[in-house]
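Student: This is a predicted model, with the sequence first.
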Amino acid sequence: MVLAAVGLDAQGEATLTQLGVADSKAFGSGPRAKARRGALAEEVNRVAVWTATRVATPEVIDARVARGELNALERELAVSMLESAPLNSSDTIICDGTRLFSPLERQFSGLQALDKAESKSTSVAAASILAKVLRDAAFEQIAGRYEASYGPLKGGGYPNAATTAFLDWHVATFGELPPETRKSWGRRA
């Protein structure tokens, strides 16, 4: 799990809007989409006042899911990023997910938890791009470890037929799920 936050001033927001920053999913999943997101991530890092990313490992996610605390984990990661931000009392903070992040409105003045915030806020869209680029890079490293024995790893690690085929192969070959897999995903060895 990868979360990101991006702080923008008015000029940075205008620049990124002009460059076409949008929700990372809007670009698709092929090589051209990855290249476009990568180029935009460079621009985000160039013009942002501040950025932060946080990564939760499969082990941490599984432990928190076992205790029914996945949402709490996401909020804790968000708080960690926000506490490292150079915030002013007049700053607006927009988080993507009303139900998930509205509890933080009491902790941070100016915080607004919105559904589909990436379509309403350039900053949130930019954060989605940073998170997706970091996640894709991590997946490419994982795929590289298995390419010699399995071949090209497709599916991006998301729940789909290609990922299921790889997991089935790994379990048949090694008797267990790969260490990079969230066991709480529902797929069992």
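Tutor: In hand now; what should we look at? Numbers count the residues shown, from 1 in each chain.

Student: Which elements pack onto the worst-scoring helix or strand of the chain on mean pLDDT?
Tutor: Across the helices and strands of the chain, mean pLDDT, DSSP states H and E gives its lowest value to helix 161-174, namely a mean of 92. In this structure, helix 161-174 packs against helix 122-150, with contacts taken as 3 or more Cβ pairs under 8 Å, 6 or more residues apart in numbering; DSSP states H and E. (Each C-beta comes from the backbone N, C-alpha and C, glycine too.)

Student: can you pull out the strands in this protein?
Tutor: Secondary structure of the chain (DSSP state E): strands at 2-7, 50-55, 93-96, 111-114.

Student: out of those, deepest packed?
Tutor: The highest mean neighbour count among those, using mean count of other Cβ atoms under 10 Å, belongs to strand 2-7: a mean of 24.

Student: which of the residues in the least confident helix or strand of the chain are buried?
Tutor: Of the residues in helix 161-174, T163, F166, L167, W169, H170, V171 count as buried by neighbour count, 16 or more other Cβ atoms under 10 Å.

Student: And the contacts of it?
Tutor: Outside of helix 161-174, the residues within contact range by Cβ atoms under 8 Å, 6 or more residues apart in numbering are 146, 149-150, 153-157, 176-178, 181, 187, 189.
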